[in-house]
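In: What follows is a predicted protein model with its sequence.
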Amino acid sequence: MDEPTFLTDTRAGYNTIAIPYDEMFGAETDTKPLTRAMFNAFAEIVAENGPVIEVGSGPGRVTAYLDGLGLDIRGIDLSPEMVALARRNFPKLRFEEGTMTALDLADGTLAGLVAWYSIIHVPPALLPEVFAEFRRVLAPGGHLLLGFQVGDEAMHRTEAFGLTFSLVFQRLMPERIEELLAEAGFVVDARLVRQPDEGEKVAQAHLLAHKPA
């Protein structure tokens with residue numbers, strides 16, 4: 001079966017920009033207090049409940065931050081270059097290749113799942129399938145944390161850092177994501193929408209939800 005184009009393009013794009021991306025965005029968890037607040041709340045809720053994964057873990061910064069809060073967490077990313085970079089950045093942590101559309105995990109095995117600015121590369125029509133996959137791998141009572149840019153348009157980037165690639169970034173409306181999560185069987189616990197920080201063009205949304213016990 002042929003791989004969907006968005007997966008192929010996303011993998012190739014991040015393989016191309018892995019190092020400069022890490023250099024530009026690596027300190028996000030250190031500089032955005034509202035982001036840290038959501039991570040800290042998520043960690044407090046799921047701590048000691050079982051394993052956690054970050055899907056779309058990139059260079060590993062978020063996985064490492066949550067590990068520092070005491071979570072049993074590992075990262076999964078589509079891009080082998082990002083996985084290699086994360087392993088170099090954080091050699092004591094676990095990072096593997098994989099895709100959020102088909103997680104190599106048994107049903108109901110996770111206490112938590114983080115998708116931090118990674119669902120933005122999924123075509124909106126396929127988000128119900130992705131959220132169903134998230135629900136499948138979470139244990140009853142398990143929690144999901146999402147981060148994404150607010151909006152309803154897609155941006156196609158073909159150049160950055162002096163490099164050429166093809167990446168689509170989909171901005172998403174929090175209300176619509178809440179609807180899709182509810183349809184997938186999640187209960188939304190909290191929504192944080194913050195105004196653009198320096199270097200950002202649009203508002204940013206963070207959603208915390210859980211799979212009912």
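Out: Happy to help now that I have it.
In: if I've got this straight, D189 is in a strand?
Out: Yes. Counting by DSSP: H, G, I helix; E, B strand; the rest coil, one finds D189 located in a strand.
In: Name the nearest residue to it, ignoring sequence neighbours.
Out: In space, and not counting its chain neighbours, D189 is closest to L208: 4.8 Å by CB to CB, 6 or more residues apart in numbering. For every residue, glycine as well, the C-beta is placed using N, CA and C.
In: Mind listing the strands the helix or strand hosting R74 pairs with, and their directions?
Out: Assigned by DSSP states H and E, R74 falls within strand 73-77. According to DSSP bridges, strand 73-77 forms sheet pairs with strand 52-55 (parallel), strand 95-97 (parallel).
In: how about the most centrally placed residue in the chain, secondary structure?
Out: Closest residue to the average C-alpha location of the chain: A115 at 2.2 Å, with CA atoms, centre = their mean. State at A115, reduced to three classes by three-state DSSP: strand.
In: By residue count, tell me the biggest strand in the chain.
Out: The residue-count maximum for a strand in the chain (DSSP state E) belongs to strand 138-149.
In: Just after it, pick out the following helix or strand.
Out: Next element after strand 138-149 (DSSP H and E): strand 154-160.
In: any idea of the angle that following strand forms with strand 138-149?
Out: 70 degrees (axes from the mean of the first three to the mean of the last three CA atoms, to 10 degrees).
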